[in-house]
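Trainee: What would the 3D arrangement of this be:
(2 chains)
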Protein chains: 2
Amino acid sequence: MKASVLTVGDEILIGQIVDTNSSRIAQWLGEQGISVSEMRSTGDTREAIVNALDELFAACDLVIITGGLGPTKDDITKHTLAGYFGATRMVVHEPTLQHVTELLRRRGIALGELNRNQALAPDVCEPLLNLSGTAPGMWFEKNGKLAVSLPGVPYEMEYLMANEVIPRLKKRFALGKVYHKNIITAGIPESTLAETIAAWENDLPGYLRLAYLPSLSGVKLRLSCYAADAHANVADEVAERVRQLRALIPAHIAGYDNDTLEGVVGRLLKARGATLSTAESCTGGRIAAIITAQPGASAYFRGSIVAYSNDVKVKELGAQPDDVEKYGAVSQAVVEQMARGAQRALQTDYAVATSGIAGPDGGTPEKPVGTVWVAVATPQKVTSHKLNLGSDRERTILRASYSVLNLLRLALADGSSS
Amino acid sequence: MKASVLTVGDEILIGQIVDTNSSRIAQWLGEQGISVSEMRSTGDTREAIVNALDELFAACDLVIITGGLGPTKDDITKHTLAGYFGATRMVVHEPTLQHVTELLRRRGIALGELNRNQALAPDVCEPLLNLSGTAPGMWFEKNGKLAVSLPGVPYEMEYLMANEVIPRLKKRFALGKVYHKNIITAGIPESTLAETIAAWENDLPGYLRLAYLPSLSGVKLRLSCYAADAHANVADEVAERVRQLRALIPAHIAGYDNDTLEGVVGRLLKARGATLSTAESCTGGRIAAIITAQPGASAYFRGSIVAYSNDVKVKELGAQPDDVEKYGAVSQAVVEQMARGAQRALQTDYAVATSGIAGPDGGTPEKPVGTVWVAVATPQKVTSHKLNLGSDRERTILRASYSVLNLLRLALADGSSS
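Mentor: Below you'll find the model as predicted:
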């Protein structure tokens, strides 16, 4: 089955905001085995919306529309769809009216004309109650063509996709049961990964599809079965294939499904009641920011010393001035002293450290831009590695951050079996 | 003049990556007074690309295409465009071949067949030398319809837009001289800003257009004149209008044009030879990461103490245990002690500090999730503010970070006039 995604809004066309909804909707649909053949962004006019729908419906039967439902632009998208699908009048969607009235009551505000209008929907659509906002979604269907209109606010769109749209699509199109398994890898580039697991990949049965989803934190592998009903033991089959995969890349599998590298590290630390600190030079606090972006990080993360200047490396982290002088701050000796220093100063069981040249300036022939030393200190020992991460400052900082988190994960996983 | 943007690539349609190129291209074109009437993403097939071009050229004369020029997918986009524009053969683009040969020579690699093919372009196009990558851009024109094909890698696209496409568009379409002035505001919400400057905005002459460009760091105002040739004194006129604006919101103008809040703070610190440190609890290193994302930050930034646990606030930053006990870590007393502590421990002239509840847990009736205390320490004094930033963890962390950077900017600007 094929679908299109249509985004309505001038703010997209002038480049004021980046459309992230289309990508998320494609992921939602893809997980159900529905492929997206086109994405489109168009302006807030009746003509543009009608033209887009005509062209999109010529090639597919389902169009998911986001945007253009805000109080001020309300009329355009809603009334255009009403006309397109032959509505004769607007009717109040009582569940929406009740929900909005209650929302306002709790804030001590009386229901106004604008709010009441938002609860109106064309008589030809099925309104979708939006408990994350005030404007309902709308489900239009005619002659086998289906249009679903959703608000452009990302969390409202997410709420309606999860709670209203996907369940209805499953029912309406008798979509096969879909089974997905994500395998989160780390520390292995996509090309190396593909080569290493080529024979395993070729041996997969036809009903299991493999996707590579790379990001700066690592490559996610997704095994999907879009006809899980037809294969009674798909979960067992996938579990067996994952066992085989694990044997091929034992050190590179960081987790499964919705795991993240930083989440796995946090879980491993919590499991052993251990604490963590960071000592950061070139990453400038980014590792600490990644760790603390997770709710509940205070259970294992005590803090960080960002030592951007060499003085701070010496004074706060106990780096040896002689070594800084002799080897430079970007060196194995200094990065290991930094990791030990954070462990000692912040009284943690584990610590990670970085020292490198993120660029664009500061490179030398022996230590070009992108050279980063990283270290992991455990209660037993310190290990360190030299990385070469290229010339883009932002990418170097992020890749160094995720590299050291992966080394920490390995140290924690290693310790757990000893 | 109207344009469309077309993105080619299955990785977009499956939601694997978010298309940020279209937004950037719309910004580039908008700055020249060219408006984008549609954006579209389509798959890597000849049929999809031809169909998209037919539909897009029905409504506009210029289509900017990104993606589908990588070595493996090379043939599809390039050969589809060759066919579409009636090419008879592929010819070597000598400047590209020389550039790629030299690139490889420096890495000690011999030129291969694949590299040589990337230097081929259809005889009907004007190849655009891509000094940021290996695949050239291509400029096709026929019967008044213009298609420009660019690589999908963002920095390669940016390079070609800046150095090849915009200069050619200006020449080809005799685009009016465009004059832009960005005013970077901080610390004022969009709605308050709009109300405050309403009379000023209404008084703008018709040939000066105003756009509000909001982000988490603040609202950028852009004044544009798309017919600068017709108004000889547009720069003077804009300068006068900006002077008037400045009188209305003196404390909220952080900078102009390509300035960023963190860049302005860095410049102010450098100008007075002063140094900075941060003491971060709820922001968890994010402020340090924002500051150090800028090249050259080591000239003024010495480091940070991320004090996620209360022990670290006491031991490393000298927060008073009695105050932590009595008022809690999220309090005026403690955040001010943290700022002073960073200043002292990291030996800097200025320091900023944050302590708050980013959520989702940890809120109380008196201190709900989103409560953040921030402080700025100068050589003379410490000032602090209580913020209420809502319930989204990521937004709270970023808004707290930019709020405190703006308070630091005000402290630095204030000091300079005393």
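Trainee: Point out where the stretch 1-150 of chain A drops to low pLDDT.
Mentor: Counting by pLDDT under 70, the stretch 1-150 of chain A shows low-confidence ranges at A:70-75.
Trainee: Which positions in it make contact with chain B?
Mentor: Proximity of the stretch 1-150 of chain A to chain B (Cβ under 8 Å from any Cβ of the partner chain) is limited to residues A:12-20, A:22-27, A:30, A:35-43, A:48, A:51-52, A:55, A:59. (Glycine included, C-beta is placed from N, CA and C.)
Trainee: correct me, but A:Val330 touches A:Gly356?
Mentor: Yes. With contact defined as Cβ atoms under 8 Å, A:Val330 counts as touching A:Gly356 (5.6 Å).
Trainee: hmm, which of the residues of the stretch 1-150 of chain A next to chain B are the buried ones?
Mentor: Listed as buried from these are A:12-16, A:19, A:22-26, A:30, A:35-43, A:48, A:51-52, A:55; burial here means 16 or more other Cβ atoms under 10 Å in any protein chain shown.
Trainee: just checking, A:Arg116 touches A:Glu94?
Mentor: No. The pair A:Arg116 / A:Glu94 is not scored as a contact, 11.8 Å apart, by Cβ under 8 Å.
Trainee: burial count for A:Leu150?
Mentor: 27 (other Cβ atoms under 10 Å in any protein chain shown).
Trainee: In what element of secondary structure is A:Thr278 found?
Mentor: strand A:276-280 (DSSP states H and E).
Trainee: Same check on A:Gly152?
Mentor: Per DSSP H and E, there is no helix or strand for A:Gly152.
Trainee: Tell me who's in contact with the closest residue to it other than its chain neighbours.
Mentor: Nearest residue to A:Gly152, sequence neighbours excluded (Cβ to Cβ, 6 or more residues apart in numbering or on different chains): A:Gly67, at 3.4 Å. Remark: with contacts taken as Cβ atoms under 8 Å, 6 or more residues apart in numbering or on different chains, A:Gly67 is in contact with A:Thr7, A:Val8, A:Gly9, A:Ile12, A:Asn21, A:Thr77, A:Pro151, A:Gly152.
Trainee: cool, A:Ile14 as well?
Mentor: Neighbours of A:Ile14 in contact, by Cβ under 8 Å, 6+ apart: B:Ala26, B:Gln27, B:Gly30, B:Ser35, B:Val36, B:Ala211.
Trainee: So which of the residues you listed are in helices?
Mentor: B:Ala26, B:Gln27, B:Gly30 (DSSP state H).
Trainee: Reformat those residues as JSON lines; add distance to chain A.
Mentor: Formatted as JSON lines, the ones in helices among the contacts of A:Ile14 follow (distance: Cβ to the nearest Cβ, whole Å):
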{"residue": "B:Ala26", "distance to chain A": "3"}
{"residue": "B:Gln27", "distance to chain A": "4"}
{"residue": "B:Gly30", "distance to chain A": "5"}
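Trainee: one step back: which of the contacts of A:Gly67 lies closest to B:Ala254?
Mentor: Nearest to B:Ala254 out of these is A:Ile12 (Cβ to Cβ; 26.3 Å).
Trainee: Point me to the helix or strand that includes the residue of chain A most remote from its centre.
Mentor: For chain A, the C-alpha farthest from the mean C-alpha position belongs to A:Asp322; by Cα atoms, centre = their mean, that distance is 43.8 Å. Assigned by DSSP H and E, A:Asp322 belongs to helix A:321-327.
Trainee: Mind giving me the packing neighbours of that helix?
Mentor: helix A:310-315, helix A:332-345 (3 or more Cβ pairs under 8 Å, 6 or more residues apart in numbering or on different chains; DSSP states H and E).
Trainee: Remind me what the strand holding A:Thr278 packs against, helices and strands.
Mentor: Counting by 3+ Cβ pairs under 8 Å, 6+ apart, strand A:276-280 packs on helix A:286-292, strand A:301-307, helix A:332-345, strand A:350-356.
Trainee: In its sheet, which strands sit next to it, and in what direction?
Mentor: Using DSSP bridges, strand A:276-280 pairs in its sheet with strand A:301-307 (parallel), strand A:350-356 (parallel).
Trainee: Mean neighbour count and mean pLDDT for those strands - can I get that in JSON lines?
Mentor: Putting the strands paired with strand A:276-280 into JSON lines (neighbours: other Cβ atoms under 10 Å in any protein chain shown; pLDDT from 0 to 100) gives the following:
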{"stretch": "strand A:301-307", "mean neighbour count": "31", "mean pLDDT": "98"}
{"stretch": "strand A:350-356", "mean neighbour count": "30", "mean pLDDT": "98"}
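Trainee: now the ones you listed as CSV including distance to A:Gly284?
Mentor: Listed next are these as CSV, based on distance: least, Cβ to Cβ, whole Å:
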stretch, distance to A:Gly284
strand A:301-307, 6
strand A:350-356, 9
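Trainee: Tell me where the stretch 151-300 of chain A has helices.
Mentor: Per DSSP state H, counting those that start in this stretch, the stretch 151-300 of chain A carries helices over the ranges A:154-160, A:166-172, A:190-196, A:198-202, A:234-248, A:261-271, A:286-292.
Trainee: For the top helix by length along chain A, list every residue counted as buried.
Mentor: Identified as the longest helix of chain A according to DSSP H is helix A:393-416. Residues of helix A:393-416 classed as buried under the neighbour-count rule (16+ other Cβ under 10 Å) are A:393, A:396-413, A:415.
Trainee: Over to stretch A:373-386?
Mentor: A:Trp373, A:Val374, A:Ala375, A:Val376, A:Ala377, A:Thr378, A:Val382, A:Ser384.
Trainee: Helices - which of these land there?
Mentor: Going by DSSP H, the helices hold none of the buried residues of stretch A:373-386.
Trainee: biggest separation within the residues you listed, which pair?
Mentor: A:Trp373 and A:Thr378 (17.3 Å).
Trainee: Quick check: beta-bridge partners of A:Cys225?
Mentor: Applying DSSP bridges to A:Cys225, the residues it is bridged with are A:Tyr179.
Trainee: nearest residue to the single nearest residue of the stretch 51-200 of chain A relative to chain B other than its sequence neighbours?
Mentor: Chain B sits closest to A:Glu55 of the stretch 51-200 of chain A, with a gap of 5.8 Å, by Cβ to the nearest Cβ. Closest residue to A:Glu55 apart from its sequence neighbours, by Cβ to Cβ, 6+ apart: B:Glu55 at 5.8 Å.
Trainee: where's the one you found, which helix or strand?
Mentor: With DSSP H and E as the criterion, B:Glu55 is inside helix B:46-57.
Trainee: So what's the residue count around A:Ile184?
Mentor: With other Cβ under 10 Å as criterion, A:Ile184 counts 22.
Trainee: repeat for A:Glu240
Mentor: Neighbours of A:Glu240 using other Cβ under 10 Å come to 11.
Trainee: follow-up on the earlier one: isn't the residue nearest to A:Glu55 up against A:Asp54?
Mentor: No. Between B:Glu55 and A:Asp54 there is no contact, the gap being 10.2 Å when judged by Cβ under 8 Å.
Trainee: which stretches of the stretch 51-200 of chain A form strands?
Mentor: A:62-66, A:90-92, A:120-122, A:126-128, A:137-142, A:145-150, A:179-185 (DSSP state E, counting those that start in this stretch).
Trainee: quick one on the thing from earlier: nearest to chain B, of the helices and strands packed on helix A:321-327?
Mentor: So among the helices and strands packed on helix A:321-327, helix A:310-315 is nearest, using Cβ to the nearest Cβ, at 4.1 Å.
Trainee: Report whether the closest one contacts chain B.
Mentor: Yes. Helix A:310-315 is in contact with chain B by Cβ under 8 Å from any Cβ, via A:Asp311, A:Val312, A:Lys315.
Trainee: got the CA positions of that helix in PDB?
Mentor: Taking C-alpha atoms only, helix A:310-315 is exported to PDB below (Å, rounded to 0.1, in the frame of the first residue of the first chain):
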ATOM      1  CA  ASN A 310      45.200  23.700  30.500                       C
ATOM      2  CA  ASP A 311      45.300  25.500  33.900                       C
ATOM      3  CA  VAL A 312      41.900  23.900  34.700                       C
ATOM      4  CA  LYS A 313      43.200  20.500  33.600                       C
ATOM      5  CA  VAL A 314      46.100  20.900  36.100                       C
ATOM      6  CA  LYS A 315      44.300  22.600  39.000                       C
END
